[in-house]
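J.: Here is my input, please return the structure:
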Amino acid sequence: MAILHHLLYHSRIVAPDRADQDIADILSTARSRNSREGITGILVFSGGCFAQVLEGAPGSLAQVFEKIEADNRHIDINVLFNEPLEVRNFPDWSMGFVGADAKTSQIISATLANICCNPATTGPHIHDLMRAVSRHALWQPLV
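T.: Numbers count the residues shown, from 1 in each chain. Take a look at the predicted model:
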């Protein structure tokens with residue numbers, strides 16, 4: 001069995017007025033690249049903040065995350081964990097996406113915004129929320 005790792009980070013968007021276009025560009029690039037590299041995961045955006053889980057081989061994760069760190073569309077990147085993983089949590093998603101939009105309940109939106117931008121929040125809390133939200137009927141794996 002291949003060795004897997006998962007990495008979770010959060011950051012803040014630089015230009016909130018460009019969020020829709022920036023997110024569309026990020027997702028397009030990520031889905032194409034991640035499919036080639038065997039990376040799976042989910043990106044959450046709410047309240048001007050990103051949280052992202054990436055899953056895959058350690059070397060591939062390192063290469064992808066190096067590009068993410070160099071991306072000037074976000075700042076204040078904070079890695080919450082980068083550790084071994086036995087089984088992928090998002091096996092069918094080259095990059096799922098959850099955003100706080102009209103389809104998102106107010107409770108989930110507020111929770112995502114609080115968790116993603118609160119430096120005191122732990123990685124497991126964010127990861128658990130992302131897994132729970134990804135299983136909700138409103139979210140589809142946009143591969």
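J.: shaky segments in this protein?
T.: Counting by pLDDT under 70, the chain contains low-confidence residues at 1-2, 100-127, 129-143.
J.: show me where it has helices.
T.: 19-37, 58-70, 106-117, 123-135 (DSSP state H).
J.: relative to helix 58-70, how tilted is the longest strand seen in the chain?
T.: Ranked by residue count under DSSP state E, the longest strand found in the chain is strand 74-85. Relative orientation of strand 74-85 versus helix 58-70 (axes from the mean of the first three to the mean of the last three C-alpha atoms, to 10 degrees): 170 degrees.
J.: Strand partners (parallel or antiparallel) of strand 74-85?
T.: Next to strand 74-85 in the sheet, as set by DSSP bridges, lie strand 4-13 (antiparallel).
J.: re earlier: buried ones in the longest strand of the chain, by neighbour count?
T.: 74, 80, 82 (16 or more other C-beta atoms under 10 Å). For the C-beta atoms, the positions are set from N, CA and C on the backbone; glycine is no exception.
J.: Just list the residues touching the first one, thanks.
T.: Contacts were defined as C-beta atoms under 8 Å, 6 or more residues apart in numbering; by that measure residue 74 touches 11, 12, 13, 14, 50.
J.: ok, now the last one?
T.: Residues counted as contacts of residue 82 (C-beta under 8 Å, 6+ apart) are 5, 6, 7, 8, 61.
J.: sorry, back to before: any idea of the angle the longest strand of the chain forms with helix 19-37?
T.: Using the same axes, to 10 degrees: strand 74-85 against helix 19-37 is 30 degrees.
J.: Could I get the CA-only coordinates of strand 74-85 as CSV?
T.: The C-alpha coordinates for strand 74-85 follow below in CSV (Å, rounded to 0.1, in the frame of the first residue of the first chain):
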residue,chain,number,x,y,z
HIS,A,74,-3.6,34.6,-0.3
ILE,A,75,-1.6,35.5,2.8
ASP,A,76,-1.1,34.4,6.4
ILE,A,77,-0.7,30.7,5.5
ASN,A,78,-0.9,28.5,8.6
VAL,A,79,-0.2,24.8,8.3
LEU,A,80,-2.2,23.0,11.0
PHE,A,81,-0.9,19.5,10.2
ASN,A,82,1.0,17.4,7.7
GLU,A,83,0.9,13.8,8.8
PRO,A,84,0.5,10.2,7.7
LEU,A,85,-3.0,9.1,6.6
